[in-house]
Structure formats: structure tokens, C-alpha cells
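Q: everything below, folded, please.
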Amino acid sequence: MSHLIVALWLYDTGELAASPMPTRPEVFVHRNVGKFPAVMRDMALGHEGKGDVLSALITAEWFGNDSAFRGWGSAQAFNARMLARHGRREEARDAARVALAGSPWQGRPVGVVRSRLNPS
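A: Below is the predicted model:
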């Protein structure tokens, strides 16, 4: 309940509709609230969904290399999957290696790690 009160206090009704991108709530949240992994992924997937592969790849790489997510392999793993989907296998391999090297995957079964990073 307290989260709702804080959210209502921070958000003015109609603020999204009056923003420069009223149909892109993920961009609004990123610009006005902060960086969240789900929002960063949604921005990249939004570009991909519109057929703008270059913007999708740039956003995925930006997410993967953002210092706010350093030490969390999910950002680099997302970047690796995005690269692989668009035929950039060598770059995807390198991003997957970064995800494994710089994140707390220790103690997880190798099959689980591979399935998370598998671009198929």
C-alpha cells in the first residue's frame, strides 16, 4: 500500500500523455523514474518489434554495459541473445562470456547457465 501512495505522490495524472513519447511508457519510466532491467529490455524489444534492428542492438548493448547493472549477468545475457538472434554469433559469444565471467553464476548447474544464455 505504501508503494501506491509513493507512486501517486510522484506521478501527476496525465504526465505520460503530455510527455514527448506518450505511447512509450518504458521510455517515460526510464527518463523520469530510473533504470530498471525490465524497462531496458522493453526498450530494446520495442525497437526490435518495429523492425529497427540497429536501434535494438544498440539498446541491448547499452543495457549490457550500463554500470548500474555491473555484476549482474542478465544484462549481458540479454545482449548476447539479441546479438545471436540477428546473426552476430561471434559478438554474441563474447557477450555470453562476459555474462559468465562477471556475474554470480557460481554454484548453478552448467545446464541452467547454458539454457539461460542459449540464443536458440
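Q: what are the contacting residues of stretch 22-40?
A: 10, 15-16, 19, 21, 42-43, 46, 59, 62-63, 66, 68-69, 72, 74-75 (Cβ atoms under 8 Å, 6 or more residues apart in numbering). From N, CA and C alone the C-beta is placed, and that goes for glycine too.
Q: among those residues, name the buried ones.
A: Buried residues within the contacts of stretch 22-40, defined by neighbour count using 16 or more other Cβ atoms under 10 Å: L16, D42, M43, G46, T59, F63, F69, W72, A75.
Q: out of these, list just those in helices.
A: The members of the buried ones among the contacts of stretch 22-40 that map onto helices under DSSP state H are D42, M43, G46, T59, F63, A75.
Q: closest to G87 among those residues?
A: Nearest to G87 out of those is T59 (Cβ to Cβ; 17.5 Å).
Q: show the pLDDT at the closest one.
A: The score at T59 is 93. That number is its pLDDT.
Q: likewise F69?
A: The model's pLDDT for F69 equals 82.
Q: without its sequence neighbours, what residue ends up closest to it?
A: A75 (4.2 Å; Cβ to Cβ, 6 or more residues apart in numbering).
Q: and that neighbour, how far from G102?
A: From A75 over to G102 the distance is 10 Å, taken as Cβ to Cβ, to the nearest Å.
Q: again with A92
A: Counting by Cβ to Cβ - A92 and G102 are separated by 16 Å.
Q: cool, R89 as well?
A: The gap separating R89 from G102 is 21 Å, by Cβ to Cβ.
Q: of those two, which one has the most company?
A: G102 (14 against 11; other Cβ atoms under 10 Å).
Q: which residue ranges of this structure form helices?
A: 2-10, 25-32, 37-49, 53-65, 73-85, 89-101, 110-117.
Q: what's the mean pLDDT across the third one?
A: Per-region confidence: helix 37-49 scores 91 on mean pLDDT.
Q: next, the angle from it to helix 25-32.
A: Using axes from the mean of the first three to the mean of the last three Cα atoms, to 10 degrees, the direction of helix 37-49 lies 130 degrees away from that of helix 25-32.
Q: please shift the residue numbers so they start at 46 in all later answers.
A: Noted, 46 is the first residue going forward, which turns the last one into helix 82-94.
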